[in-house]
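*Asks:* Next input, structure requested:
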Amino acid sequence: MPLLSVPDRSRALAAGIAAAYGLHSLRADRLAHQLSHNSAKLACALQSPERLAAFITDRAAEAGGRETGVAVEVFGALDQRLILFELDAEVHAPRHTIVSFGEAIGDLRAWQPVTPSGWRRVWGDHVAVGVIPSAALDRLRTPHTVLIALYRAENFPLPRFPLGISDMAYALRKEMMGRVTVLDMQLGATVTSIMSELRATRPDIVGISATFGQHDLLVALLDLLHAEQGYSPRIVVGGSLAALNADVLLDAYPDVIVASGTGEGAICDVVRHWRGEIELNALQHMTLNAGGMRIRTTKKKHDGDILPDLDLLAPILDGAGVMQLESSRGCSYACSFCPREHKGIWAGEPAATLERILPTVAAVFDEHPSTARKIFLVDEEFVGYRTDPDGMVRALDVAGALQKYAFRFETSARIDQVYRPGKDRAWHISRLQAWRELVERGLDRCLFGIESGVDSILDRFNKKTTVTQNVLGIRLLSALGVPCRCTYIVFDPLMTVAELEASYEFLGRSDLILQPLHGMDAAEIFDGVQDETFVRRHTRATPFYEKVSYMLVSMEALIGSPYLAEVEAAGLAGTINANMGRKDAAYREPAIGIMSHYSQMWVDRSFSLDYLLKSLEKIAARSERESLHGVRLEFRRAAYKLLGEMLALVGAPGPQGDPAALSAPIAAMLDRQFDMLVRCITERINSAELTRESAGRLAEEVDKWRTPRPWRLIN
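*Replies:* Next comes the predicted model:
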């Protein structure tokens with residue numbers, strides 16, 4: 001059954017309010033007219049069950065409905081809300097009115113197998129009046145699930161829309177699996193306040209989403225839950241960090257369940273188990289303890305939509321946060337540093353799926369006119385793995401859907417969707433034209449995982465790309481005018497000094513970034529980037545490292561990754577670092593290990609400020625964005641200079657080349673470079689064209705950043 005259109009939602013809601021509140025026909029007609037002409041307000045109200053219930057109550061009061069005796073509850077996912085009006089039995093004869101924006105009343109699965117009967121239709125198949133049996137109401141309202149997102153404000157100053165818990169809320173509500181509450185530490189909640197909320201509301205199921213750097217927060221909350229007397233909810237933990245730390249968590253908390261894959265199917269199965277519909281060992285893609293054994297249940301394909309409910313969007317935008325969505329999930333490659341078990345194979349959603357929630361997303365943005373209309377698509381691979389036109393057609397359709405609602409977007413892709421050895425000239429020209437069209441449809445920036453400029457390192461990382469491929473891909477993107485940024489791993493425990501030196505040289509190459517050649521056709525650009533004369537004529541003479549989002553990054557040997565297996569085979573693996581889901585590793589070349597250690601302290605010292613700049617850049621208008629980006633470039637320049645000085649020290653003759661003697665001079669380098677960086681950053685910010693809000697946020701963070709303190713690691 002197709003979902004109700006926006007105009008039909010207004011008509012259905014008006015009919016439901018009229019029936020529930022006893023409106024006379026004239027007032028009912030007036031309400032229907034008002035709702036039909038204010039569809040944007042209804043679209044905005046749809047963002048959360050609480051907001052929609054308040055909107056309905058207000059409209060009923062304005063229309064002159066009965067003042068007492070009607071309770072409004074909202075169930076169902078964003079694009080298929082189910083509204084229940086219940087008359088107070090002490091004031092009126094028992095009666096319920098149902099308005100469904102999704103399935104027709106007769107097809108509702110909300111309370112199966114207890115199906116109400118004897119309904120009187122009020123408006124088509126989607127509004128009806130009758131009495132719902134108590135067993136059916138209980139099924140609609142229970143269990144109560146609370147979904148929690150953890151957060152560290154000291155490292156990530158501005159919030160981002162929490163897709164994990166929002167996706168799970170959508171999945172539970174779509175299946176009408178009880179009441180759902182979402183709590184996000186980005187919005188001011190603390191572990192203590194969350195525990196107070198759980199103590200007060202006593203939900204049946206508690207789901208906690210944890211990602212890198214949040215293990216201690218997770219442990220603190222789990223300890224409080226387990227210490228609570230007389231309250232034992234079913235606890236399920238998910239997110240990338242939890243999946244990597246499954247055994248660590250289950251050893252410490254034997255009764256929790258750890259989701260090892262996507263959260264939507266997992267949390268729905270937890271509710272099914274709570275209801276007694278499936279056995280514990282039938283939960284999909286979980287790691288758990290049962291019968292004295294550690295069980296890893298079967299991975300299933302998630303066939304649901306990868307859509308979020310939007311309870312938290314308005315608060316995130318209120319806090320100058322970033323809106324995130326997904327149009328695809330998974331990856332079809334196997335980079336050695338990435339444990340794939342919890343992520344899955346690539347699968348893309350059609351643009352029509354996103355369009356089901358975009359009217360409401362747009363309506364919330366309309367309430368925040370000073371916020372740039374920009375969405376960050378957190379797809380691992382926006383285009384996907386296919387080399388036929390279908391993958392790019394889907395990407396263009398998604399871009400078009402976003403453009404329809406005046407959104408620009410950022411996303412991620414692989415360089416082999418730009419340049420792929422083995423494909424002919426016609427394939428490349430078609431692909432380059434498509435990238436240009438993506439920019440025309442709102443692509444604001446795209447992240448590419450370059451990771452290295454050394455073939456031996458790319459082989460070790462199993463990237464399935466080459467240095468030549470990276471070079472040509474970067475040249476093509478820049479010449480096409482595709483705004484891009486890149487990830488790059490500078491240090492890894494298995495590398496040699498020669499590899500590090502070659503990597504340093506690649507980062508400094510000034511023949512990769514070309515001037516945008518907007519007036520040149522794709523065929524001429526494709527031929528030109530392979531001609532060094534053409535490259536010299538059109539180069540911007542910009543070093544490649546200026547396109548690297550975070551400089552001086554070190555490889556992490558994540559639990560379950562093939563790279564960790566290589567590190568273990570080399571005898572370099574250390575203890576588990578649960579906060580990052582990895583094993584700490586020694587370096588085959590001790591001097592590189594020392595450089596990596598001090599580089600990580602350098603990165604951590606400025607991480608919070610750089611992250612704030614990055615977040616402000618995402619939501620800023622174009623003129624301000626350029627100023628913010630200019631500030632960020634100072635971090636990259638200083639990092640590259642520091643790397644060069646460390647390499648020179650390592651390569652110097654005499655005692656300076658002794659790894660044991662490197663720490664003191666490198667520490668002195670950090671102090672000296674940081675003093676210079678403080679001056680550069682301060683001058684840049686003082687001369688930047690910033691809004692009052694951005695300037696205020698930066699001033700506070702800069703003061704903290706430049707206050708002298710010892711060098712240390714965050715994790």
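*Asks:* Just give the nearest non-adjacent residue to residue 319, would you?
*Replies:* Distance criterion CB to CB, 6 or more residues apart in numbering; nearest residue to residue 319, sequence neighbours excluded, is residue 159 at 5.1 Å. Glycine gets a C-beta too; all of them are placed from N, C-alpha and C.
*Asks:* Check the gap between the one you found and residue 321 for me.
*Replies:* Going from residue 159 to residue 321 by CB to CB, to the nearest Å gives 4 Å.
*Asks:* Which residues are in contact with each of those two?
*Replies:* Common contact partners of residue 159 and residue 321 (CB atoms under 8 Å, 6 or more residues apart in numbering): residue 186.
*Asks:* low-confidence ranges in the stretch 351-500 of the chain?
*Replies:* Counting by pLDDT under 70, the stretch 351-500 of the chain shows no low-confidence range.
*Asks:* Please enumerate the strands of it.
*Replies:* Taking DSSP state E, counting those that start in this stretch to define them, one finds strands in the stretch 351-500 of the chain at 374-377, 408-413, 443-451, 484-491.
*Asks:* List the contacts of the last one.
*Replies:* With contact meaning CB under 8 Å, 6+ apart, strand 484-491 is reached by 337, 445-453, 457, 461, 474, 477-478, 500, 503, 507, 544-545, 547-555, 587, 592, 595-596, 599, 643.
*Asks:* Just the buried ones from those?
*Replies:* Neighbour-count burial within these applies to 337, 445-453, 457, 461, 474, 477-478, 500, 503, 507, 544-545, 547-548, 550-555, 587, 592, 595-596, 599, 643; the criterion is 16 or more other CB atoms under 10 Å.
*Asks:* Go through these and flag which are in helices.
*Replies:* 457, 474, 477-478, 500, 503, 507, 592, 595-596, 599, 643 (DSSP state H).
*Asks:* Per-residue pLDDT of residue 113, please?
*Replies:* On pLDDT, residue 113 comes in at 68.
*Asks:* next helix or strand past the helix or strand hosting residue 636?
*Replies:* Using DSSP states H and E, residue 636 sits in helix 622-651. If you walk from helix 622-651 toward the C-terminus, the next helix or strand you reach (DSSP H and E) is helix 663-687.
*Asks:* phi, psi of the residue nearest to residue 319?
*Replies:* Backbone torsions for residue 159, taken as degrees, to the nearest 10, come to phi -80, psi 160.
*Asks:* Tell me who's in contact with it.
*Replies:* Residue 159 neighbours (CB under 8 Å, 6+ apart): 151, 184, 186-187, 316, 319-322.
*Asks:* Residue 269 is in contact with residue 282, isn't it?
*Replies:* Yes - the pair residue 269 / residue 282 is scored as a contact, 7.3 Å apart, by CB atoms under 8 Å.
*Asks:* Those two: which has the busier surroundings?
*Replies:* residue 269 (23 against 13; other CB atoms under 10 Å).
*Asks:* In a helix, that one, correct?
*Replies:* Yes - Residue 269: assigned to a helix according to DSSP: H, G, I helix; E, B strand; the rest coil.
*Asks:* ok, and the closest non-adjacent residue to it?
*Replies:* Closest to residue 269 by CB to CB, 6+ apart is residue 283, at 4.5 Å.
*Asks:* I'd say that neighbour and residue 268 touch.
*Replies:* No - judged on CB under 8 Å, residue 283 makes no contact with residue 268 at a distance of 9.7 Å.
*Asks:* between the two, who's got more neighbours?
*Replies:* Per other CB under 10 Å, whichever of residue 283 and residue 268 has more neighbours is residue 283, with 26 against 20.
*Asks:* how close does the more buried one get to residue 142?
*Replies:* Residue 283 sits 19 Å away from residue 142, going by CB to CB.
*Asks:* just residue 45 next, same as before
*Replies:* For residue 45 relative to residue 142 (CB to CB), the value is 25 Å.
*Asks:* ok, for residue 641, nearest residue in space, not its chain neighbours?
*Replies:* Nearest one to residue 641, counting by CB to CB, 6+ apart, is residue 673 at 6.7 Å.
*Asks:* Ok, residue 279 next?
*Replies:* Here the residue nearest residue 279, using CB to CB, 6+ apart, is residue 273, at 7.3 Å.
*Asks:* Would you mind writing the CA trace of whichever strand or helix holds the one you found as CSV?
*Replies:* Assessed by DSSP H and E, residue 273 sits inside helix 263-274. This file holds the C-alpha atoms of helix 263-274, laid out as CSV (Å, rounded to 0.1, in the frame of the first residue of the first chain):
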residue,chain,number,x,y,z
GLY,A,263,21.6,-2.1,14.3
GLU,A,264,18.1,-2.0,12.8
GLY,A,265,17.5,-5.7,12.4
ALA,A,266,19.3,-6.4,15.6
ILE,A,267,17.2,-4.1,17.8
CYS,A,268,14.0,-5.4,16.2
ASP,A,269,15.0,-8.9,17.0
VAL,A,270,15.7,-7.9,20.6
VAL,A,271,12.1,-6.7,20.8
ARG,A,272,10.9,-9.9,19.3
HIS,A,273,12.8,-11.9,21.9
TRP,A,274,11.4,-9.7,24.6
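*Asks:* neighbours around the residue nearest to residue 642 when sequence neighbours are not counted, how many?
*Replies:* By the measure of CB to CB, 6+ apart, the closest residue to residue 642 outside its immediate chain neighbours is residue 673, 5.0 Å from it. By other CB under 10 Å, 16 other residues sit near residue 673.
*Asks:* got the contact list for residue 673?
*Replies:* 602, 638, 641-642, 645.
*Asks:* same thing with residue 95?
*Replies:* So residue 95 contacts 86-87, 129-131 (CB under 8 Å, 6+ apart).
*Asks:* Kindly indicate which of these lies nearest residue 26.
*Replies:* Distance to residue 26 across the contacts of residue 95 (CB to CB) is lowest for residue 129, with 20.0 Å.
*Asks:* separation between the residue nearest to residue 642 and residue 403?
*Replies:* From residue 673 across to residue 403, the span is 43 Å (CB to CB).
*Asks:* Repeat that for residue 428.
*Replies:* Going from residue 428 to residue 403 by CB to CB gives 25 Å.
*Asks:* Repeat that for residue 711.
*Replies:* Distance of residue 711 to residue 403, computed by CB to CB: 46 Å.
*Asks:* next one: residue 316
*Replies:* 22 Å.
*Asks:* of the two, who's got more company?
*Replies:* Taking neighbours as other CB under 10 Å, residue 316 and residue 403 compare with residue 316 leading, 25 against 15.
*Asks:* The more buried one - that's part of a helix, no?
*Replies:* Yes - using three-state DSSP, the assignment for residue 316 is a helix.
*Asks:* show me the contacts for it.
*Replies:* Applying CB under 8 Å, 6+ apart, the residues near residue 316 are 159-162, 186-187, 322-323.
*Asks:* a markdown table for those, including pLDDT?
*Replies:* Conversion of the contacts of residue 316 to a markdown table gives the following (pLDDT from 0 to 100):
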| residue | pLDDT |
| --- | --- |
| 159 | 91 |
| 160 | 94 |
| 161 | 96 |
| 162 | 96 |
| 186 | 95 |
| 187 | 94 |
| 322 | 92 |
| 323 | 96 |
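*Asks:* Which one (most neighbours) among these?
*Replies:* residue 162 (28 neighbours).
*Asks:* isn't that one right up against residue 185?
*Replies:* No - at 9.2 Å, residue 162 does not count as touching residue 185 under the criterion of CB under 8 Å.
*Asks:* who touches both of these two?
*Replies:* residue 149.
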